[in-house]
Each structure stands twice: as C-alpha cells, then as structure tokens.
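**Q** Sequence below, structure please.
(2 chains)
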Amino acid sequence: MLESKILRQNMDLVRRKMAERGQPVDLDRFTELDAGRRDILQEVETLRNERNTVSKNIGEKKKRGEAASELMSRMGEVSARIKELDESLKKTEENLNAFLLTIPNIPHESVACGAGADDNPVIRHWGEKPSFSFPPRPHWELGEALDILDFSRGAKIAGARFTLYRGMGALLERALINFMLDLHTTHHGYTEILPPFLVNRESMTATGQLPKFAEDLFKIEGQDYFLIPTAEVPVTNIHRDEILEEKALPRYYAAYSACFRAEAGSYGKDTRGLIRQHQFNKVELVKFTRPETSYEELEKLTADAEEILKRLNIPFRTVSLCTGDLGFSAAKTYDIEAWLPGQDAYREISSCSNFESFQARRASIRYRRADNGKMDFVHTLNGSGLAVGRTLVAVLENCQQADGSIIIPEALRPYTKGIDRITATR
RNA sequence: GGAGAGAUGGCUGAGUGGCCGAAAGCGAUCGCCUGCUAAGCGAUUGUACGCCCCAACAGGUGUACCGCGGGUUCAAAUCCCGCUCUCUCCGCCA
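**A** Residues are numbered from 1 along each chain as shown, chains lettered A, B, ... in the order given. Predicted coordinates:
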C-alpha cells in the first residue's frame, strides 16, 4: 500500500509508473478523497478541542457547586455534531483506504518497461540442456508409465488439477522438500518455519492477496479462513503489527507449505501434468530487511533459489519481469525458469521479489533506526525456493532415460534412502 | 461444547467517571560522580494523523490511541452491550 502522504507528494511519479504497468490509476479520485478527509478532520478536531476544554470547565464548576447546565446543553449539541462528522470521516477514510489498497506497488527504476512476458529481459542462463538419443517425453507420460503419478485417481478423489503421488513419486517429492529445507537452513542461514495453512483476512490483506484477488483464493465456507496460496502469507505475517530491533535485521525464514490456488481464469491452460494444480507443495523463502540492503538481499535470495537447481543439475534461465508482467505487490521480481525438455520450454519454477515497504505498510512491520531513533518500515522479500511439484517435473524430464527410467540426482540420494533410479515396478 | 478469570506504554504493574498519555518499578538513552568494576545521582524516554513553521533537519500546536467495535454521559482506561484473543477447570479428541 502507498500512503496518502507519499502519494500526495509524488503524484506525477505514481501516474507515470502506473501507466508503465499498464494499470492507470484515477488520481483525481484520490485527491478528492484525501482533501475531503483533511477538511472533515480539521473541523472535527476543532470541535473536540472545544469540548475538551469546556468539559474540564464544567467539572470545575460542579466541584465548586456552581450551575453548569447551560454549558452542558451546549456541549450536548457539539457532541452531536462531532458524532455526525465522525461518521462522515469514517466513511471517507474507508473509501480512501479501499482505494489505496487497490493501487499496485511502484516498480523499481531498474525494471524494464514492457507490455508482457515477452518483454522480460533474460538476465542469465545456467547449465547445459541435456541431449537425448530419443524424443524426450513429458513428465505426465513418464510419471504414469512408472506408476508414480496418478492423475485420474487424483481427479476421482478431488477433481481436476489434483494429483495422487504414489511410491517413489511420493518419496521423491518428500526428498525434494527436505533437500531444499536443509540447504536453506544449513547453508543459507534461514530459520525453518512450519506455518498454518489457513489464515485470516487480515493476513491476506497484509501481503496483498486481498482485497483485489479474492477469486484466486479458496475460502472456508461460513468462516473467515482462507487457504494459503503460498507460505509467503503466513510467514510475512509473523511480524505483522510488530516493531523489530534494527540489530535483529535482516531476518531469513524458510517455510515448507502446501499451497492452494483456485486458478480461476486459467481454464484450458496447462491441463496436463503437474504444472498447474489446485494444491501443490512449495518451500518459500522470506526476508525482512532494512531498506538500504533490500536489493542486495534480493540478489542473494535469488541466488539461494538458483542453488537448488544447480545442485540438482537442472538447466535454467533467470529473467527480470518487466513493468507489464510485474505482480501487484512487487517492486522488482526475478523469475527462475527451469528447462523442461519434455515440453521443449522453460517454465517458471521460482519467483523472487522485493516488495520494498509495500507489504510492511499494509502489515505495519516497522523497526527503529539506530541512527536517528525514528520508526521506519522494513522491506519484505520472498521467493520460491522452490516450487516442489515443478521441481519434480524438471527432475523427471531432465533425468529421463531411453527405457523410461529416471536417474535420481546425486544431491537427492541422501533423501531417497540411497535409491538412485526410478524404474517401472510392473 | 460447558464454567470461570483476564487483556493498560519496550516489560512488570497501579488506576472504578473530570486533576490520567496514564503512578511506581524495571529496562533503555544521555550526563554527572567514583582510579577500574559494581553501586549511586540527575535528566530524558510512545505512536499515528492534522495544522503552523522550515530549503531541510528540527520545532510549535491540536486530535486520537489503555485488546477490537458500539452505547451511556457535558466528560470514559474507568459504567453498559457485542466481539476477538489469552489463561484455568470440566468434557471430547489426533
């Protein structure tokens, strides 16, 4: 969220940046609401001041046994007027706030201008694409042939976009989760978190999923609980309404969670395989940093996520999202895209973002600066480290053999009871 | 699910209608003092929003905030109602 004061002072910048995002904002409406609010505020505060002084007066008179009924009835009127003004103030602030909550973050100056995904500059490539002496197969064929992924049972039990993992498939997924968590906690300095998978409305609003993207979320009927679309939500909310010590920054958290997404509006997209599921597993990295270091921290966080693919020896490329492709809350985002030979394409496997103070304002996450003793908002960052289901896809497709078996990357074998190969069991 | 207790500043904790943005203690910061350490003494110590002032830093001033939302009253941390959360006991339960 952008604050009124900041918006008021940077109208032109905001107007220009929102246009670059392709999401023009009606700033006249803001000006109107903001000015209206301040008008009412001044009037009501003047009246309150009067009431406070006169009330004190009344108290003193009464103590001396003097009559004060005239003052009391006049203050009755003032109070009634205050009540009226309070109501219209509240209404105006609600409108203003609702409006502010729908304005996306301002893209960082290093973000390229562009209309959509095709305009995202590629930052780097890593790894050699594997060459095959046979046409590489997509993971859904491999998984079904090996009897480790059961799409039709998943659909029977729950519906489309749900998958049942079986045997080595389930083990491989679990191995990936543990491998990722271990790497981030022992080598990259993250503290492991296991968060609630259901959260309340305040948490969803703090990180930016609400109010604008309610249709992407699963909600518990009749209760104010939402299924998390990413561990970013509960983990960022760890410090909601808190004041952190500057010396306790930066803070790094790594969390495994299941993630739930309604995927409204993606009908017919990625209908086969594990790529787009209503429920999937993810290890999420979240950082709370001082404003001065957040872009440095974004580079490190992205490298931490890339390290997983490097150790699994999966080729990838990293792109920087352009203004037109940038998410609502992010100021800058790197997407890491793994090479999937079965689909002859790079597919997103991680998205690493700096939100600057956007989420911290919504969530009121602050720290006291050591230099001047003032409060300031922290910067929040997060990134997948990594999307587990998609990583499993990448392993299957990159490590497939001519006979349809899968050679398990060495880095995972400590987590697969030493098993080095998945072969058909029937 | 049933019964009860509670929620006050960074922390502990007092405060049952006006003199309370809130005692006291702890902590923290700054200064003094003691040869060092410990102790001691003094001062300071919330946030948000608005207005004024300023190039800016700062400053002045007003309002709000004692879990959240409403009500009573000239006046609410204090009285009333609803909600949320925490704790204790009973029941149930992985």
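**Q** gap between the two ends of stretch A:288-298?
**A** Here the two ends of stretch A:288-298 are set 11 Å apart, with distance taken as CA to CA, to the nearest Å.
**Q** what are the ranges of the helices in the stretch 1-150 of chain A?
**A** Here the stretch 1-150 of chain A has its helices, by DSSP state H, counting those that start in this stretch, at A:4-9, A:11-21, A:27-64, A:69-100, A:139-145.
**Q** Which elements pack onto the third one?
**A** Pointing back at helix A:27-64 there. Where contact means 3 or more CB pairs under 8 Å, 6 or more residues apart in numbering; DSSP states H and E, helix A:27-64 is packed against helix A:4-9, helix A:11-21, helix A:69-100. For glycine as for every other residue, the C-beta is placed from the backbone atoms N, C-alpha and C.
**Q** Tell me which residues touch the residue in the stretch 101-250 of chain A that RNA strand B sits nearest to, please.
**A** RNA strand B sits closest to A:Ile243 of the stretch 101-250 of chain A, with a gap of 6.6 Å, by CB to the nearest atom of the strand. Listed by CB atoms under 8 Å, 6 or more residues apart in numbering, the contact set of A:Ile243 reads A:366-368, A:375.
**Q** Show me what from chain A comes close to RNA strand B.
**A** For chain A, the residues in contact with RNA strand B under the definition CB under 7 Å from any atom of the strand are A:3-5, A:38, A:41-42, A:45-46, A:48-49, A:51-56, A:58-59, A:62, A:71-72, A:75-76, A:79, A:83, A:90, A:243, A:372-375.
**Q** okay, now the domains of chain A?
**A** For chain A, the structural domains run A:4-100, A:117-422, going by automatic domain parsing.
**Q** With mean pLDDT as new columns, can those be given to me in a markdown table?
**A** Below are those laid out as a markdown table (pLDDT from 0 to 100):
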| stretch | mean pLDDT |
| --- | --- |
| domain A:4-100 | 90 |
| domain A:117-422 | 94 |
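**Q** For A:Val111, find the nearest of those.
**A** domain A:117-422 (5.5 Å; CB to CB).
**Q** Ends of that closest one, what's the gap?
**A** First-to-last residue span, domain A:117-422, CA to CA: 35 Å.
**Q** Could you do stretch A:351-358 as well?
**A** 17 Å.
**Q** go on, stretch A:245-256?
**A** When the end residues of stretch A:245-256 are compared by CA to CA, they are separated by 26 Å.
**Q** list the buried ones in that stretch?
**A** Residues A:249-256 are the ones in stretch A:245-256 that count as buried (16 or more other CB atoms under 10 Å).
**Q** Give me the contact list for that stretch.
**A** Stretch A:245-256 is contacted by residues A:177, A:180-181, A:184-185, A:188-195, A:231, A:234-235, A:238-239, A:244, A:281-290, A:293, A:297, A:367-370, A:378, A:385 when judged by CB under 8 Å, 6+ apart.
**Q** Of those, select the buried ones using a PyMOL command.
**A** Selecting the buried subset of the contacts of stretch A:245-256 in PyMOL, with 16+ other CB under 10 Å as the burial test, is done by:
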select buried, chain A and resi 177+180+181+184+188+190+193+195+231+234+235+238+239+244+281+282+283+284+285+286+287+288+289+290+297+367+378+385
